[in-house]
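Chemist: Sequence and predicted structure, then a few things I'm wondering about:
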Amino acid sequence: MTPLCHELPAWQALQTHYEAQIQQLDLCQAFAQDPQRLASLSLQAPHVFADLSKNLLNTDTQALLLQLAQESQLVAKRNAMLAGDAINSTEQRSVMHWLLRTPANRDEIANAPTVQAWSTEIHTALHEVHGTLDQMLALADQVRNDKQITDIVNIGIGGSHLGPEVVVNALEDWIDTGKNFHFVSNVDGHELGHVLRRVKPESTLFLIASKSFTTAETMLNARSARQWFLEHGGSVDPQAPCSINQHFVALTTNQQAAAEFGIQRTLGFWDWVGGRFSLWSAIGLPIAIAIGSMQFRTMLAGAHAMDAHFFTSPLEKNLPVHLGLLDVWYRDFCQFSSRCIAPYSHGLRRLTAYLQQLEMESNGKSVTKDGVPLSVPTAPVIWGEPGTNGQHAFFQMLHQGQDVIPVEFIALRDGGKYLGEHHQSLVINAIAQAQALMVGRAGDGLEKDCPGNRPSSFLLLERLDPASLGALIALYEHRIFVSGAIWNINSFDQWGVELGKQLAKQLQTRQSSSDWNGVDSSTQALMARLMQSTQ
């Protein structure tokens with residue numbers, strides 16, 4: 001059995017180090033004493049520069065965290081993922097979303113040395129990946145060129161919703177199709193209803209994104225969209241001018257269920273693609289329609305460049321490794337229970353919601369892969385809003401509140417078409433906020449004091465384009481793998497999510513039968529009130 005993380009020698013050394021060197025660390029003094037602090041605590045990865053110098057750590061901290069990575073067998077766990085081992089142990093599945101952005105040509109694979117160790121099964125899977133990719137991109141370009149289709153409605157939930165939505169929003173300057181994109185996930189009928197009021201059946205393409213084609217929320221929305229389509233002139237007859245077959249596409253592996261629904265056009269993916277890692281697969285069809293096949297491949301190339309960096313760079317120069325270790329350091333040694341994401345980019349306005357699922361659904365666990373309860377906390381709460389809006393909302397608490405909350409700034413050096421005064425002001429504000437968190441201010445009275453010494457990281461992208469966005473998202477994927485590997489948890493299942501779904505089904509059954517035997521009184525009372533309001 002793998003030792004628990006807090007039992008490792010490096011963990012004990014880090015606790016001693018925190019108390020001796022970091023607990024009273026003053027960041028301003030640290031910069032004054034070490035002119036090389038920025039150079040030694042910053043890293044360059046493909047498309048992303050990271051300044052980690054304003055964090056509560058030093059080079060000794062980094063050395064001990066790297067020792068923790070070695071003792072936690074991070075490299076072996078990373079290699080197991082790359083070899084296609086079933087590291088999703090509870091579901092006995094491989095974890096190979098990285099394969100979705102691997103080039104088909106072996107000579108183009110950036111981490112080529114690792115290819116020699118691939119099994120025949122992985123090479124076969126890569127061939128299937130590119131077959132599906134070619135099919136998806138051909139469909140995307142067909143839809144892009146179809147002038148009749150003006151609206152794309154993506155119906156999914158979780159990764160089948162957040163991934164495509166964050167990318168389409170982020171790359172809106174790259175969308176040149178004249179089409180409108182809508183994303184529906186909430187089972188609350190108001191969301192779907194508001195979309196349907198703005199579209200017409202004959203000019204709308206519905207994308208139903210559900211691997212199993214049984215996801216309760218997605219299928220309820222899909223059935224309602226189908227009913228609306230038929231009530232407003234659509235037809236089940238595949239030969240009709242406005243048919244379900246022409247205006248619905250299923251992104252699923254369950255072709256039979258899709259056919260029963262009336263959909264013949266389907267694109268599938270594999271059980272080794274987790275939902276929150278699936279935007280690179282057929283789930284990315286709305287992205288490909290939005291930006292086109294060439295730019296979609298560019299996005300995959302950016303992600304692949306980050307994959308190669310993660311799989312081949314030494315740990316001491318590996319940005320996903322350093323960020324994942326920083327997350328463990330703050331959560332378990334500094335006792336920071338949340339992290340604020342502050343993207344200073346309107347395009348990244350949905351990034352925080354995406355990262356909430358990516359990190360908290362992956363690492364919000366309290367039991368190791370060996371089934372042993374952990375005595376240390378894991379995933380922090382991820383929250384935030386784009387700058388500069390956040391400055392006029394919650395930054396007051398970041399500067400003067402009692403809780404110390406690490407902030408992660410994300411900014412672009414090149415603002416593209418808005419490079420002028422707007423973009424300059426935006427990025428200067430981000431830099432100033434990071435500085436203010438560190439230096440603080442002694443006011444005329446205590447009520448004006450800002451204590452400072454509050455940590456932050458600063459991620460800088462050259463620009464927000466398909467390649468850099470692909471690299472950024474892949475960076476976060478690998479980062480949560482690193483912290484999960486240190487905690488020795490399974491970052492690729494989500495049984496807590498499944499529990500609520502199972503209980504919802506049971507309540508619906510009990511509602512029909514009026515059998516409440518064994519159900520707690522609070523749940524019974526709430527269900528009784530619900531029935532009163534709907535009768």
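Modeler: All right, it came through fine.
Chemist: what about the helices in the stretch 151-300 of the chain?
Modeler: Using DSSP state H, counting those that start in this stretch, the helices of the stretch 151-300 of the chain run over 159-170, 189-196, 216-231, 244-247, 255-261, 285-291, 293-312.
Chemist: quick one, which of those is nearest to Phe492?
Modeler: Among the helices of the stretch 151-300 of the chain, helix 159-170 comes nearest to Phe492, with 11.7 Å by CB to CB. C-betas here are computed from N, CA, C, even on glycine.
Chemist: so the closest one versus helix 216-231, what angle?
Modeler: Angle between the axes of helix 159-170 and helix 216-231 is 70 degrees (criterion: axes from the mean of the first three to the mean of the last three CA atoms, to 10 degrees).
Chemist: tell me what helix 159-170 is packed against?
Modeler: Packing partners of helix 159-170 (3 or more CB pairs under 8 Å, 6 or more residues apart in numbering; DSSP states H and E): strand 151-155, strand 180-184, strand 204-209, helix 285-291, helix 351-355, helix 466-487.
Chemist: Run the chain-centre distance for the first one.
Modeler: Relative to its chain's centre, strand 151-155 lies at 20 Å (CA atoms, centre = their mean, to the nearest Å).
Chemist: re earlier: ok, which of the helices and strands packed on helix 159-170 comes nearest Met299?
Modeler: Of the helices and strands packed on helix 159-170, nearest to Met299 by CB to CB is helix 466-487, at 3.9 Å.
Chemist: Run a quick neighbour tally on Ala10.
Modeler: When neighbours are defined as other CB atoms under 10 Å, Ala10 has 20 of them.
Chemist: do the same with Asn111
Modeler: With other CB under 10 Å as criterion, Asn111 counts 18.
Chemist: ok, now how distant is the residue nearest to it when sequence neighbours are not counted from Ala45?
Modeler: Ranked by CB to CB, 6 or more residues apart in numbering and with sequence neighbours excluded, the top spatial neighbour of Asn111 is Ala308, at 4.2 Å. According to CB to CB, to the nearest Å, Ala308 and Ala45 sit 10 Å apart.
Chemist: average model confidence for whichever strand or helix holds Asn429?
Modeler: Assigned by DSSP states H and E, Asn429 falls within helix 421-439. Mean pLDDT, helix 421-439: 95.
Chemist: more neighbours, Ala308 and Ala45?
Modeler: Higher neighbour count among Ala308 and Ala45: Ala45, with 24 against 19, using other CB under 10 Å.
Chemist: Show me what that one is bridged to.
Modeler: Beta-bridge partners for Ala45, by DSSP bridges, are Val48.
Chemist: Just say which of the helices of the stretch 151-300 of the chain is most tucked in.
Modeler: Each of the helices of the stretch 151-300 of the chain was scored by mean neighbour count; the highest is helix 285-291, a mean of 27, by mean count of other CB atoms under 10 Å.
Chemist: what residues does that helix touch?
Modeler: Helix 285-291 has contacts (CB atoms under 8 Å, 6 or more residues apart in numbering) with 136-137, 139-140, 143-144, 152, 154, 164, 167-168, 171, 174-175, 177, 179, 181, 183, 207, 249, 251, 267, 279, 296, 299, 466.
Chemist: Send me that helix as PDB with only the CA atoms.
Modeler: Extracted as PDB, the C-alpha positions of helix 285-291 are listed here (Å, rounded to 0.1, in the frame of the first residue of the first chain):
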ATOM      1  CA  LEU A 285     -17.900  20.200 -32.300                       C
ATOM      2  CA  PRO A 286     -19.400  23.600 -31.300                       C
ATOM      3  CA  ILE A 287     -15.900  24.900 -31.000                       C
ATOM      4  CA  ALA A 288     -14.900  23.600 -34.400                       C
ATOM      5  CA  ILE A 289     -18.100  25.100 -36.000                       C
ATOM      6  CA  ALA A 290     -17.200  28.400 -34.300                       C
ATOM      7  CA  ILE A 291     -13.500  28.700 -35.300                       C
END
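Chemist: quick one: the top helix by length along the chain to strand 151-155, angle?
Modeler: Determined from DSSP state H, the single longest helix within the chain is helix 120-144. Counting by the same axes, to 10 degrees, helix 120-144 lies at 140 degrees to strand 151-155.
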